[in-house]
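A.B. asks: Predicted model and sequence follow; I will ask about them next.
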Amino acid sequence: MSALPMDDLLESIDLEATKKLTAEQLDAFGAEMDAIRQRILDDLGEEDATYIRKVVKLQRGFEVAGRALFYLPPAWPLAVASLSVSKILENMEIGHNVMHGQYDWMGDPGLNSRMYDWDNVCPGEQWKYSHNYIHHTFTNILGKDRDIGYGILRMDEDQKWHPYYLGNPLYAVLLMVFFEWGVAMHDLEVENIVAGKRKLEENKALHAGIMRKVKRQALKDYVLFPALTGPLFPLTLAGNATANLIRNIWAFNIIFCGHFPAGVATFTEEECENESRGHWYYRQLLGSANITGGKLFHLMTGNLSFQVEHHLFPDLPARRYPQVAEEVKEICERYGLQYNTGPLGKQLFSVAKKICKMALPPQKQTA
Amino acid sequence: MSTTAPLPAIGRRILRSRVLAALATPHGVDRYLEMVNPMWAAEEVRARVVSVTRENPLSTGDGSAAVATITLQPTSTWRGHRAGQYVQVGVDLPGSAKRMTRCFTVSSAASVPGERITLTVRAHDEGQVSKHLVAAEPGLVVHLSQAQGEFTLDESPATPTNNHLLFITGGSGITPAMSMVRTLLRDGYDGRAGRKVTFLHYARSAEDQIFADELAEIAATDNDVTVHLRHGDHVFSEFELRRLVPGYRTTDTWACGPAGLMELVAAAYDDGDGGTHKLRTEFFKAPRTTPGNAEGDVTFTHSGGETVEAANTGATLLEQAEALGLKPEFGCRMGICFSCTTRKTEGTVRNVLSGATSSLPDEDIQICVSAPEGDCAVEL
């Protein structure tokens, strides 16, 4: 535990330094970000379309292969692996990004944010509200961004401690295992219902939507496809459940590395009142963290390993993030702003440490 | 067998089964089929270009665009069309990779499910879709809607009436009337029952006259179809119409063409009370471009059909809608979340972030970052 004070120190130094930009500097910073955005927008075209269609084809290939391999019991691990890859690609590089509207400019209904729904028990329609609107607009504003701890975990010093949070690590593991269910329940704001801030009736419509989606997903993965393999029903069922579990664990870890490693800033509602576009960019930058890795790794994260770029430019095709990352980094250096990045292991460790640390009541700063 | 042949009926029944739909959820069967063969579909309609025939090869003058008839083999999901209906055609434009969708009238006679159809398309200078279609190579696969529109022929040779049928068309407006006349003639119409057909058409010039050979043949045949072609500056007049069809106001009439012609025709049929009972009309909607300013009117249409119109203030469409007391859906109000995306049916909008303007009809826009320039209509 000796590393803790050092981390605290780092955290406070970084944030003190970066929160000192003047309004003019913020505007200039915002203008540079706008320029990058505009340049990419002007350049969108065939390459982006070809890329996403290739990924869709690849994903469908893994999906069909995975489903088919369940007919060969010895190939069970291969079937699970194939289906897991398919579900990860579908949720992250395709679903998440398409539902952000990154490919709306193509005018293809199959890749349109309004039409697309992903292979996940959370209805795309509801996810778009909680994610695209709430999370991406109010990123890391305590009390507004419900992605901070998902209403279950304590992920920030400024979240008031309660003995309930002693279970923080346990809740995190449970959220990881049942991540798609957690995401599906996210919009119900259960914590606000418990706190009496939200009425149960408000959830009625959402509830119906979730149940419809859950039924379809469960019917497909846990009844129909297993039934199609006849006597292998239990094996296929277990395989499909495993693929969903692997996807859950992977998505949870990548997403938690995006906002919760040490050094990522949170903001108060007061700080963000009437904020300028420059301040919005600035908050997105300081509120996100990248993960370094190879091309394949980035593909499997849906390029959410470029969480910083994703939060700066949520509606640009994710394949563009690596292209602008160096430039964003250089601009940050010029403005003395922190650009949070690190390998998966380091970021994961940092997140795990925070989850454990936040389980305990804040230590009085007496030493 | 061609790799883009449509699916046989039995395959179609399997593909449309509920079990397969449940297995393909949430993407739908078509999202998998298209990976194998673009001509296989369970719900969506696509079509393969079979041939492209130039209709006005002699026309090369200024302002007279190429016109071509494109024969399409639709997927087995095509439910057929009634004469006079149109389809939305979507093409992925090379380079920009954008799918553009435009409406074109079916020029061939009424079709049954899965049957080939033709579109007769004028390649406008501005029309990216029409130019792409006119220059298409056989084998190109395009996206189609089912047939739409109520400007249709409700008569057939089997209908026990002796109605006189009158078609008044101008320019490309000839297409739906052509489909109707072709349907009548194909289905055995011969004028023997005492029913007459009068076809009055206005074209820019003889070189620009499309379907000229076929019209000449129809006119020459003993079928009681009379064809009157008017070329050049010859404009429609009530006087001439009354001379050709004295009782035109009580004659079932289908009129289709440019706005100028349509206004004259509507005036000729006005019985004084504003009623034009026997006249059915169809306009063509063209993209309207107005110079950048805060002039004009903004029209918001509810899904319920209610319409609110007000002077354009120059603010974003979302702000203008709210100022009028409307409550469109919105989210971030800064162009990132797409919650407010709605359909603009006509007019020009400027993206307040990028400054880019767009004048395409029936386009999905984010109203929180779109400001109208001149007249604009949006469906909330």
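C.D. replies: Looks like it came in fine. Numbering: from 1, shown residues only, chains lettered A, B, ... in the order given.

A.B. asks: Any idea what B:Arg46 is bridged to?
C.D. replies: Beta-bridge pairing for B:Arg46 (DSSP bridges): B:His143.

A.B. asks: neighbours around it, how many?
C.D. replies: 23 (other CB atoms under 10 Å in any protein chain shown). (Each C-beta comes from the backbone N, C-alpha and C, glycine too.)

A.B. asks: who's in contact with it?
C.D. replies: B:38-39, B:74-75, B:141-144 (CB atoms under 8 Å, 6 or more residues apart in numbering or on different chains).

A.B. asks: ok, how many other residues are close to residue 187?
C.D. replies: If you meant another chain, say so; for now it's chain A. 22.

A.B. asks: that answer is for a different chain, and I need it for chain B
C.D. replies: So B:Asp187, with other CB under 10 Å, has 13 neighbours.

A.B. asks: Would you mind measuring from A:Asp158 to chain B?
C.D. replies: According to CB to the nearest CB, to the nearest Å, A:Asp158 stands 24 Å off from chain B.

A.B. asks: excluding its backbone neighbours, what's nearest that residue?
C.D. replies: Once flanking residues are discounted, A:Asp158 sits nearest to A:Leu142: 5.4 Å by CB to CB, 6 or more residues apart in numbering or on different chains.

A.B. asks: That neighbour reaches A:Gln159, doesn't it?
C.D. replies: Yes: counting by CB atoms under 8 Å, A:Leu142 touches A:Gln159, with 6.8 Å between them.

A.B. asks: Can you check which residues contact both of those two?
C.D. replies: Contacts common to A:Leu142 and A:Gln159, judged by CB under 8 Å, 6+ apart, are A:Ile148.

A.B. asks: Could you pull up the residues touching B:Arg182?
C.D. replies: Counting by CB under 8 Å, 6+ apart, the residues that B:Arg182 touches are B:83, B:107-109.

A.B. asks: For it, give its distance to B:Thr69.
C.D. replies: Going from B:Arg182 to B:Thr69 by CB to CB, to the nearest Å gives 12 Å.

A.B. asks: If B:Ile168 is in a bridge, with which residues?
C.D. replies: B:Leu200, B:Ala255.

A.B. asks: pLDDT at it, what is it?
C.D. replies: With respect to pLDDT, B:Ile168 has a value of 96.

A.B. asks: coming back round to it: between B:Arg182 and B:Thr69, which contacts overlap?
C.D. replies: B:Ser107.

A.B. asks: for B:Asp375, helix, strand, or coil?
C.D. replies: Look at B:Asp375: counting by DSSP: H, G, I helix; E, B strand; the rest coil, its state is strand.

A.B. asks: wouldn't it be in contact with B:Lys344 here?
C.D. replies: No: contact criterion CB under 8 Å: B:Asp375 and B:Lys344 do not qualify, at 11.2 Å.

A.B. asks: These two: which has the busier surroundings?
C.D. replies: Neighbour comparison, B:Asp375 and B:Lys344: the larger count goes to B:Lys344, with 23 against 17 (by other CB under 10 Å).

A.B. asks: and the more buried one, that's in a strand?
C.D. replies: Yes: counting by three-state DSSP, B:Lys344 is part of a strand.

A.B. asks: Kindly provide the distance from it to chain A.
C.D. replies: For B:Lys344, the distance to chain A - CB to the nearest CB - is 14 Å.

A.B. asks: Run a quick neighbour tally on the residue nearest to A:Asp158.
C.D. replies: 18.

A.B. asks: what residues are up against it?
C.D. replies: A:148, A:156, A:158-159, A:266-269 are the contacts of A:Leu142 under CB under 8 Å, 6+ apart.

A.B. asks: TSV please, covering these and showing secondary structure.
C.D. replies: Formatted as TSV, these follow (three-state DSSP):
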residue	secondary structure
A:Ile148	coil
A:Asp156	coil
A:Asp158	coil
A:Gln159	coil
A:Thr266	coil
A:Phe267	strand
A:Thr268	coil
A:Glu269	coil
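
A.B. asks: Just give me the closest of these to A:Ala352.
C.D. replies: Relative to A:Ala352, the closest of the contacts of A:Leu142 is A:Asp156; by CB to CB it sits at 15.5 Å.

A.B. asks: and that closest one, how many neighbours?
C.D. replies: Neighbours around A:Asp156, by other CB under 10 Å: 16.

A.B. asks: B:His124 too?
C.D. replies: 17.

A.B. asks: Report the contact partners of it.
C.D. replies: Here B:His124 is in contact with B:65, B:130-131 (CB under 8 Å, 6+ apart).

A.B. asks: do the same with A:Lys160
C.D. replies: So A:Lys160 contacts nothing (CB under 8 Å, 6+ apart).

A.B. asks: still on that earlier bit, tabulate the contacts of A:Leu142 in a markdown table, adding columns for pLDDT.
C.D. replies: Output for those, formatted as a markdown table (pLDDT from 0 to 100):
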| residue | pLDDT |
| --- | --- |
| A:Ile148 | 91 |
| A:Asp156 | 92 |
| A:Asp158 | 89 |
| A:Gln159 | 91 |
| A:Thr266 | 91 |
| A:Phe267 | 91 |
| A:Thr268 | 91 |
| A:Glu269 | 92 |
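
A.B. asks: Just the buried ones from the residues you listed?
C.D. replies: In these, burial by neighbour count holds for A:148, A:156, A:159, A:266-267, counting by 16 or more other CB atoms under 10 Å in any protein chain shown.

A.B. asks: Mind pulling up the pLDDT for the nearest residue to A:Leu41 once chain neighbours are set aside?
C.D. replies: Nearest non-adjacent residue to A:Leu41, counting by CB to CB, 6+ apart: B:Ser354, 6.2 Å away. pLDDT for B:Ser354: 75.

A.B. asks: Work out for me the element B:Ser354 sits within.
C.D. replies: Using DSSP states H and E, B:Ser354 maps to neither a helix nor a strand.

A.B. asks: Would you mind listing where chain A has pLDDT under the threshold?
C.D. replies: A:1-19, A:364-367 (pLDDT under 70).

A.B. asks: redo that, cut-off 50
C.D. replies: A:1-13, A:366-367 (pLDDT under 50).

A.B. asks: now do chain B
C.D. replies: Looking at chain B by pLDDT under 50, you get B:1-2, B:285-292.

A.B. asks: What is the subsequent helix or strand relative to the helix or strand containing A:Trp76?
C.D. replies: Assigned by DSSP H and E, A:Trp76 falls within helix A:76-89. Next in sequence after helix A:76-89, counting helices and strands by DSSP H and E, comes helix A:97-99.

A.B. asks: does any part of that next one sit near chain B?
C.D. replies: No: applying CB under 8 Å from any CB of the partner chain, one finds helix A:97-99 separated from chain B by no less than 8.6 Å.

A.B. asks: rewinding a little: what does the residue nearest to A:Leu41 show for phi and psi?
C.D. replies: B:Ser354 adopts backbone torsions of phi -100, psi -20, taken as degrees, to the nearest 10.
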